[in-house]
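**Student:** next one to model:
(one chain, ligands or ions: 2)
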Amino acid sequence: MKRKYLSAALLAAALCLSSLTACADDQPYTKSAFTFDTFITFTIYESESSDSPEEICEGAVDMLNSLDGELSRTNPDSVISALNKQAYNSPVSVSDTTYLLIKSCKDLSELTDGAFDFTLGEISSLWGFGSDNGKKPDDAALAELADRKNYENISFDDESRTISFTEEGFSIDLGAAAKGYALDMLDSYLRKAGVTSAVVDFGGSILTIGKKDGYSWNISVTADESDSPVGTLAVNDGFIATSNGAKRFVEYDGVKYHHIIDPFTAHPADSGIKSCTVYAADGLISDALSTAFFVMGQEKTEQFYEKYKIAEYIITLDDGTVKTSAGIAADFRASQNG
Ligand code: AMP
Ligand code: MG
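**Tutor:** Ligands and ions are numbered 1, 2, ... in the order given. Here you go, the predicted structure:
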């Protein structure tokens, strides 16, 4: 049976009786939690499950916490730490989930010709993103790590489900892809649980399921820390990821260095794109490509789009100009001041 979630509906009805102000008919169920080092907010409008939305969200957060435990490179007990420590010396056995994720990341690294490079962990560590007491890395040390394409040095054994590194001196960093993959897992989880209409905000990455009251979702697209949107995108089911330098950076001698690295220079990317939002039918693809396009710049992004057509984009250039791919141009409404 289809249920609409009116968690506060009775309360709202009571308030309506005693108030002359306008009052929304139905209220979705919402829940926030902290996982993958960020906030996640579930908003569930409709479900066909006999489980309560609260139970469904609790199960979903447990699933995400366990995935985070597996994928975090800062957790010394994670599978990624095991790979980074041991995979050069001996093949490391991983779960089916991790195996497929790493394989897909290698494919995406190849597809983007290394603009998305999930093997730049040593460069991330040198820059010290996420820590307060680092220092600006030495240019010579960065030059050593630039343009390495270390994803080519990862090999897979499908039978034993093991992964090995064929070279030394690099490590995996799934920072540009893990949240997108987690949203893929979450999408399956929520749908299997019977959810038919929901939106999830996972630290700025968005998952939408179904429609909202029969209409598309209108998702705000932001390009900087101001939270003033450059526009709204109307979507049905899908995944939206945004990459920009506003969210995470380190500051050395009063200069800010953002966290999206151009693997060819080992420095923060400076492609002329200020922010990139990608909409795709797959969470991992939307996440990896938002990072890749940010690194590639407008021209290469347009060429990639024409060649593969696997995702749609909205890019805001450094001068504030907003460009959208052809497939979503009609669904994007630019802000008046945007
Ligand atoms: P995102 O916010 O999805 O663009 O991911 C950025 C995070 O991914 C950074 O904090 C790094 O951990 C990692 N990263 C930075 N640059 C790249 C890159 N060019 N390819 C893959 N991962 C990257
Ligand atoms: Mg990304």
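**Student:** what parts of the chain come near ligand 1?
**Tutor:** By C-beta under 6 Å from any ligand atom, the residues of the chain that approach ligand 1 are 116-118, 120, 124, 129, 173, 175-176, 243, 248, 259-261, 263, 287, 290-291, 295. In this view, the C-beta of every residue, glycine as well, is placed from N, C-alpha and C.
**Student:** after the strand or helix carrying residue 107 comes which helix or strand?
**Tutor:** Per DSSP states H and E, residue 107 falls inside helix 96-111. Counting by DSSP H and E, the next helix or strand C-terminal to helix 96-111 is helix 121-127.
**Student:** gap between that following helix and the chain center?
**Tutor:** Remark: helix 121-127 is offset 20 Å from the chain centroid, using C-alpha atoms, centre = their mean, to the nearest Å.
**Student:** again, but for stretch 65-80
**Tutor:** 16 Å.
**Student:** list the buried ones in it?
**Tutor:** Across stretch 65-80, burial judged by 16 or more other C-beta atoms under 10 Å covers 67, 68, 70, 71, 72, 73, 78, 79, 80.
**Student:** hmm, which two among those are most spread apart?
**Tutor:** Distance extremes for the buried residues of stretch 65-80: the farthest pair is 67 and 73 at 13.6 Å, using C-beta to C-beta.
**Student:** just the residues of the chain next to ligand 1: which are in strands?
**Tutor:** Residues of these located in strands (DSSP state E): 243, 261.
**Student:** which of the residues of the chain next to ligand 1 count as buried?
**Tutor:** Using 16+ other C-beta under 10 Å, the buried ones in the residues of the chain next to ligand 1 are 116-118, 120, 124, 129, 173, 175-176, 243, 259-261, 263, 287, 290-291, 295.
**Student:** how about low-confidence regions in the stretch 101-250 of the chain?
**Tutor:** Low-confidence segments of the stretch 101-250 of the chain, defined by pLDDT under 70: 130-133.
**Student:** show me which residues of it are close to ligand 2?
**Tutor:** residue 176 (C-beta under 5 Å from the ion).
**Student:** what residue in the stretch 101-250 of the chain comes nearest to ligand 2?
**Tutor:** The nearest approach of the stretch 101-250 of the chain to ligand 2 comes at residue 176, 3.8 Å away (C-beta to the ion).
**Student:** just give the nearest non-adjacent residue to residue 64, would you?
**Tutor:** residue 35 (4.6 Å; C-beta to C-beta, 6 or more residues apart in numbering).
**Student:** what about the one you found, how many residues nearby?
**Tutor:** 20 (other C-beta atoms under 10 Å).
**Student:** residue 157 now?
**Tutor:** Residue 157: 12 neighbours (other C-beta under 10 Å).
**Student:** check residue 247 too.
**Tutor:** The burial count for residue 247: 16, using other C-beta under 10 Å.
**Student:** my guess is it contacts residue 223. True?
**Tutor:** No - contact criterion C-beta atoms under 8 Å: residue 247 and residue 223 do not qualify, at 11.2 Å.
**Student:** hmm, the residue nearest to residue 64 is touching residue 68, no?
**Tutor:** Yes - assessed by C-beta under 8 Å, residue 35 is found in contact with residue 68 at 5.7 Å.
**Student:** what comes up buried for the helix or strand containing residue 41?
**Tutor:** Using DSSP H and E, the element containing residue 41 is strand 38-47. By neighbour count on 16+ other C-beta under 10 Å, the buried set for strand 38-47 is 40, 42, 43, 44, 45, 46, 47.
**Student:** what does stretch 310-318 rub up against?
**Tutor:** Here stretch 310-318 makes contact (C-beta atoms under 8 Å, 6 or more residues apart in numbering) with 221, 223, 230-231, 233, 272-280, 285-286, 289-290, 293, 298, 301, 305, 322-325, 327-328, 332.
**Student:** show me what secondary structure element comes after the longest helix along the chain.
**Tutor:** In the chain, with assignment by DSSP state H, the single longest helix is helix 53-71. Counting by DSSP H and E, the next helix or strand C-terminal to helix 53-71 is helix 79-86.
**Student:** what mean pLDDT does the next helix-or-strand element following that following helix get?
**Tutor:** Sequence order places strand 92-93 as the next helix or strand after helix 79-86, per DSSP H and E. For strand 92-93, the mean pLDDT works out to 98.
**Student:** separation between the closest residue to residue 78 other than its chain neighbours and residue 167?
**Tutor:** Among residues not flanking residue 78 along the chain, residue 72 sits closest, at 5.0 Å (C-beta to C-beta, 6+ apart). Between residue 72 and residue 167 the distance is 23 Å, computed by C-beta to C-beta, to the nearest Å.
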